[in-house]
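Visitor: structure of the sequence below:
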Amino acid sequence: MKVLALVSLLAIWIQPLYGGFDYPAYSARNAGLGNSYLAGGEIRDGFLLNPALSALSTGSYAALNYANLYGMSELQFANGIALLPYNRGSIGLAVQTLGSGIYRESQLTINTAKAFYNRHLSIGISLHYYHVTAEGYAQTASWGLDAGFRYRIQDRLYIAGTLSNINQPGLYGHAEEIPQIAEAGVAYVPPGNIRLPGGSER
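Guide: Sure thing, here's the model as predicted:
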């Protein structure tokens, strides 16, 4: 019984740990959905999860987001997102920052995506500029490249995949500080306003 109680307490207290530039919830909606919308197409800031999703937007979009993670002033997160569709594709731009004066991660993202085959297939890429400032240490910066796709198998069934930081950028000479991540997702859209997204990360 004591073991069960201990495990229960650990399950409540455990918090996720992230590597550099690895906080994925770019907006309250994405955080609420558990960032499972890899294969979804209705979130206009979705290109920060999957570079291909911006090709599916039907209008311009701009947003500002702010979060104070775990109530700690050292973990303030803020970003600005803009999306401009053109022809059968789009251009996305995002600027975000995480941290405070002691330690701060800043990121600039430029995205472009295009839809093909009557919007059955969309492909996109995102270029990231990473910058870190830490009190008592020299500033460092790096570039990262993401690629993603989304494919409509049937009218209501979609699959998607992304590979983040293809070039394995490093900070202070350590590539693992900006992780390379492969993700796959599936989404089923039954009749009505119900969405059933899912995803897997490696």
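
Visitor: quick one: the helix or strand harbouring residue 159 to chain centroid distance?
Guide: Element membership of residue 159 [criterion: DSSP states H and E] is strand 157-164. Between the centre of strand 157-164 and the centre of its chain there are 13 Å (CA atoms, centre = their mean, to the nearest Å).

Visitor: packing partners of it?
Guide: Secondary-structure packing of strand 157-164 (3 or more CB pairs under 8 Å, 6 or more residues apart in numbering; DSSP states H and E): strand 140-154, strand 181-188. (Each C-beta comes from the backbone N, C-alpha and C, glycine too.)

Visitor: how near is residue 116 to residue 157?
Guide: Relative to residue 157, residue 116 is positioned 18 Å away (CB to CB, to the nearest Å).

Visitor: then residue 66?
Guide: Distance of residue 66 to residue 157, computed by CB to CB: 35 Å.

Visitor: looking at the two, which is more packed in?
Guide: Ranked by neighbour count (other CB atoms under 10 Å), residue 66 and residue 157 place residue 157 first, with 14 against 9.

Visitor: how confident was the prediction at that one?
Guide: Here the pLDDT value assigned to residue 157 is 89.

Visitor: nearest spatial neighbour of it, chain-adjacent residues omitted?
Guide: Leaving aside its sequence neighbours, residue 157 sits nearest to residue 188 (CB to CB, 6 or more residues apart in numbering; 5.5 Å).

Visitor: how near is the one you found to residue 50?
Guide: 17 Å.

Visitor: the two: who's more crowded?
Guide: Per other CB under 10 Å, whichever of residue 188 and residue 50 has more neighbours is residue 50, with 30 against 15.

Visitor: show me where this structure has its strands.
Guide: 61-68, 76-86, 89-99, 103-116, 121-134, 140-154, 157-164, 181-188, 196-201 (DSSP state E).
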